[in-house]
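[1] Make a model of this:
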Amino acid sequence: IFFCKRMSKNQQHLDGITVTRKDNFSEWYIQVLTKAELIEYTDISGCYTIRPNSFALWEAITAKLDGLIKKDGVKNAYFPCFVSSKALTAEEENFEGFCPEVAWVTKSGDSELAEPIALRPTSETIMYPMFSKWIRSHRDMPLRVNQWCNVVRWEMSRCVPFVRSREFLWQEGHSVFATKAEADKEVMDILGFYQSVYEDLLAVPTTRGKKTDMEKFAGADYTTTLEAFVAANGRSVQACTSHSLGQNFSKVFKIQFEDENKEKQLGWQNSWGFSTRSIGVTIMVHGDDKGLRLPPRAASIQVVIVPIPKGDNIDVLIAKAKELSDELSAAGIRVEVDSRKEKPGWKYNYWEVRGVPVRLELGERDIAGECVMACRRDNFKKEKMAWANLAESIKNLMDDIHNNMFNEAKAAKDSHTKQCTTFTEFLVHLNTGNVCLVPFCGKKDCETNIKKRSREESKVNASDETGFGLTGSAKSLCVPFDQPSDLTAEGNVTPCFGECGHNAASWCLFGRSY
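    You can find the predicted model right below:
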């Protein structure tokens, strides 16, 4: 599969990105991942090493999110990565969706195991037997536990680094409440935390909504989601999910408590997850033809200072660059001085590929004028900045870069979201790189038929990302919380766009997705 395609040695020595997002998005994405030193391939198909440049981004994400959930009362723990087949299949209906993706351990050395054990695809069946031991009384609740860990889902196709891979990092939170109202509130609170990470840290706009019955987590009463959009190829990405599990799992795993009236009750449960897919989303949404564009609040290096020597003044320039670097560091700005013996143009390209938000150029005239030339990575605009109050100027500039990146991505997302009411219009918009807000009945058989028809009737049965195995079929993304109009209002009869003969129940977002 294309995911495992390795670049030749000649390609690896090319410093810049050699394809455009428009001409070949999948090749562009792979080049950014490798040339920006975000991943390294392994000899196992569908797996990769997360290199320091991308792991630093994950650390920024985890720090932000971990702070939000801890402030809200969630506690971290760690559970085993192995799960028995008995526990994993305790609830056949809920396990069914993961069955094809489960990786099994069958041997220990040369000996066959008496019973195969699975590597966790998710941890409900590992955690919930513990929950049933820990919860006895209403005083034991709410129980709100999170773990940061890896999971394994043996994707057989469509592997896309950070977006769909066989092993990935994530957090998974699991909660038990005494009442449905408390559980429902947490579902939305967590979704709000996730949105804050995407918008306030990563500058990525998303659509908040609820999954259809066909697309919700198999064991959930309902699933809420954030959907991101990649304008370069017209595809949506499920950015994260927050599930209401109702009492489905508490029945299976006997998670019961004695209420204040000494009566036995089942707990109300949630689960919620946010993964390294967020790195892929950030790259796809913000990247350009020169490479990565990092949002400044998440960048491990926010500023790079590049001395521009003339004659034999390099020592003076480096000394001043280090002095400015110390001042910026003291102000909490993450900065690096590039004192390597390479030409300035080579250095510019090096840092542009890696997406550093701000480049400060320091030459002989800048020394004389006690200033630097600041170049933004988001739009390449330049401005002179005085050494005096440089830290404050850089902080203001980074806020402006963040806002510009968010607004630019939101404008692209909004312009590619089309509202229509017929299947014919839907196909036209779909085939021109858009997602569509359409009146939908919500029925599973209708949604299945829409997937089939969009695949068969689409003018683009296979996208430009043939290496990723993506097709022209469309699916429901979410029912947005913000509805253009109430289709259930009295006297409002709007046919489902899927031409199934039923009336629409809501406006639903449909599109092609990773």
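[2] measure the residue nearest in space to the middle of the chain to L169 for me?
    Closest to where the C-alpha atoms of the chain average out (Cα atoms, centre = their mean) is S278, at 2.1 Å. S278 sits 10 Å away from L169, going by Cβ to Cβ, to the nearest Å. C-beta coordinates here come from the backbone N, C-alpha and C atoms, glycine included.
[3] What of D140?
    Using Cβ to Cβ, one gets 30 Å for the distance from D140 to L169.
[4] quick one, which of the two is more surrounded?
    L169 (18 against 15; other Cβ atoms under 10 Å).
[5] Isn't the more buried one up against Q147?
    No - L169 is beyond contact range of Q147, at 11.2 Å (criterion: Cβ atoms under 8 Å).
[6] what's the burial count for E258?
    Around E258 there are 15 residues (other Cβ under 10 Å).
[7] swap that for S339, sorry
    Counted by other Cβ under 10 Å, the residues lying close to S339 total 16.
[8] Spell out the secondary structure type for it.
    coil (DSSP: H, G, I helix; E, B strand; the rest coil).
[9] Which of the helices or strands spans the residue nearest to it when sequence neighbours are not counted?
    Spatial nearest neighbour of S339, chain neighbours left out: I318 (5.1 Å); criterion: Cβ to Cβ, 6 or more residues apart in numbering. Using DSSP states H and E, I318 sits in helix 314-330.
[10] E383 now?
    Per DSSP H and E: strand 382-386 holds E383.
[11] Just the buried residues of that strand, please?
    Within strand 382-386, the residues that count as buried by 16 or more other Cβ atoms under 10 Å are M385.
[12] cool, stretch 426-446 as well?
    Neighbour counts over stretch 426-446 (16+ other Cβ under 10 Å) mark 426-427, 429-431, 433-443, 446 as buried.
[13] And for stretch 316-326?
    Buried, per 16+ other Cβ under 10 Å, within stretch 316-326: L317, I318, K320, A321, L324, S325.
[14] ok, the fourth one to I401 distance?
    In this structure, A321 and I401 are separated by 21 Å, where distance is defined by Cβ to Cβ.
[15] Please verify my assumption that C436 contacts L509.
    Yes - C436 is in contact with L509 according to Cβ under 8 Å; the separation is 7.2 Å.
[16] what sits in contact with each of the two?
    Counting by Cβ atoms under 8 Å, 6 or more residues apart in numbering, the shared contacts of C436 and L509 are T417.
[17] what about the stretch 51-200 of the chain, any weak spots by pLDDT?
    Along the stretch 51-200 of the chain, segments meeting pLDDT under 70 span 91-100, 155-157.
[18] mind listing the helices for the stretch 251-400 of the chain?
    For the stretch 251-400 of the chain, the helices defined by DSSP state H, counting those that start in this stretch occupy 277-286, 314-330, 344-353, 364-369, 390-415.
[19] so which of those helices is the most packed in?
    With neighbours taken as mean count of other Cβ atoms under 10 Å, these reach their highest mean count in helix 277-286, at a mean of 26.
[20] Looking at that helix now, give me its mean pLDDT.
    The average pLDDT for helix 277-286 rounds to 98.
[21] Compute the inter-axis angle for that helix and helix 390-415.
    80 degrees (axes from the mean of the first three to the mean of the last three Cα atoms, to 10 degrees).
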